[in-house]
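J.: I'd like to go over a predicted model; first the sequence, then the structure.
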Amino acid sequence: MSITWKIPPKSRPFQVASIFEATFNVPTPGFYDFTVPANRALQLFPLNPGAAYLIERISIGGNITEEQFLESMDIFPTLQLSYSRRTASGQFLGETVFSRPLQVVNYTDNTEICAWVHTERGRDSIVATFEGRLRQLPSMIGIAAARIQTTFSIYEVPFTSYQDFLKKGSAVQ
């Protein structure tokens, strides 16, 4: 079953890609460990206060085969999307987009995830944090770093259209 959304007119579709990297033996010997600062709060896209965003689909892949990815999991990889606000004193992470991190248990292509996000403040953005750990398998010897790429399909919807959209009940199952 999937959800069919009627996207309001004048909405702008766009895609956002990000790459998360784990270098072998850093910081954990014998592993590709994604739990490093470079994989935390990576900015995906800024939020315009005059718009709402439908994060509709996700694709996940990597530089190792899916079989290697599945067989080497030591700590299940997770992907967390959060609101972030940049201030003069740094970055503040706000509430999460989903109630729990998305468990990345396999590669996927164009999978529906459907989340609406918006802000009434300026300087906000959506950030991603990727964590998890992979063991090095014999077939992975010589691979200096494991990389996971995510691609999100997103619609930017004018905020007034979004409010009308919610009032009318736009989802059809």
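T.: Perfect, I can see it now.
J.: shaky segments in the chain?
T.: 1-5, 86-88, 90-91, 93, 165-173 (pLDDT under 70).
J.: Strands of that one, residue ranges please.
T.: 4-5, 12-23, 31-33, 42-46, 51-62, 73-87, 90-96, 102-103, 108-118, 124-135, 145-158, 171-172 (DSSP state E).
J.: Leu81 contacts Gln43, doesn't it?
T.: No: Leu81 sits out of contact with Gln43 when judged by CB atoms under 8 Å, with a separation of 11.3 Å. The way it works is simple: take the backbone N, C-alpha and C, and place the C-beta from them, glycine included.
J.: Looking at those two now, which is surrounded by more residues?
T.: Comparing Leu81 with Gln43 by other CB atoms under 10 Å, the one with more neighbours is Leu81, at 22 against 14.
J.: what's the more buried one in contact with, if anything?
T.: Residues near Leu81 by CB atoms under 8 Å, 6 or more residues apart in numbering: 44, 55, 96-98, 102, 115, 126-128.
J.: hmm, 7 Å instead?
T.: Leu81 makes contacts with 96-98, 126, 128, as judged by CB atoms under 7 Å, 6 or more residues apart in numbering.
J.: And for Ile148?
T.: So Ile148 contacts 20, 60, 62, 130 (CB under 7 Å, 6+ apart).
J.: Across the sheet, point out what pairs with it.
T.: For Ile148, the beta-bridge partners under DSSP bridges are Phe20, Gly62.
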